[in-house]
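# Need a 3D model of the sequence below.
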Amino acid sequence: MNNRKYPTNLFFFGLITNILFRFIWLLVPGIILLIIGIFVKPCLYIGLAALLLDVLLSLIEQLRLRQAFLAESDNPDFKVFQDALSGAGDWKENIGELLNQKISESQNQIQPDDDVENE
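Residues are numbered from 1 along each chain as shown. Alright, predicted model coming up:
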């Protein structure tokens, strides 16, 4: 049984990020059409439709990310990431600790080359 929870604030942060940056090709024309729509009614409706499509596509994309996060994975590194995000405590602190742990592990794996002399 999978009892992971996707953080709600991360979901909404991702949704807003998708609206603003991933589907910017719908956001900018939608806003421009809304401004023109002040004077021309059909542009107002087209602009609203573009913004609604932007929100719907962003919501679908974020739901797909959430579903991928909650699914079981065979990748051990991704499992550690899932546990850090959905673990007890603040998810930001958990991710920070995970990153620090991974950085220290990678630094320990780097061995200085004995053949190279310092000048």
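
# now for the helix or strand harbouring Q67, which elements pack on it?
Q67 is part of helix 41-70 when elements are defined by DSSP states H and E. Identification of packing neighbours for helix 41-70 by 3 or more Cβ pairs under 8 Å, 6 or more residues apart in numbering; DSSP states H and E yields helix 8-17, helix 24-36. Heads up, the C-betas are built off the backbone N, CA and C, glycines and all.

# Select, out of these, the one closest to L59.
L59 lies closest, by Cβ to Cβ, to one member of the helices and strands packed on helix 41-70: helix 8-17, at 6.3 Å.

# Go ahead and confirm V55 touches I19.
Yes: proximity of V55 to I19 meets the contact threshold set by Cβ atoms under 8 Å, at 6.2 Å.

# hang on, the earlier thing: report the buried residues of the helix holding Q67.
When burial is assessed from 16 or more other Cβ atoms under 10 Å, helix 41-70 yields the following buried residues: 43-44, 46-47, 50-51, 54-55, 58, 61-62, 65, 69.

# Same list (the residues you listed) but as JSON lines, adding distance to K102.
Listed next are the buried residues of helix 41-70 as JSON lines, based on distance: Cβ to Cβ, whole Å:
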{"residue": "C43", "distance to K102": "50"}
{"residue": "L44", "distance to K102": "50"}
{"residue": "I46", "distance to K102": "47"}
{"residue": "G47", "distance to K102": "45"}
{"residue": "A50", "distance to K102": "41"}
{"residue": "L51", "distance to K102": "39"}
{"residue": "D54", "distance to K102": "35"}
{"residue": "V55", "distance to K102": "35"}
{"residue": "S58", "distance to K102": "30"}
{"residue": "E61", "distance to K102": "27"}
{"residue": "Q62", "distance to K102": "26"}
{"residue": "L65", "distance to K102": "21"}
{"residue": "F69", "distance to K102": "18"}
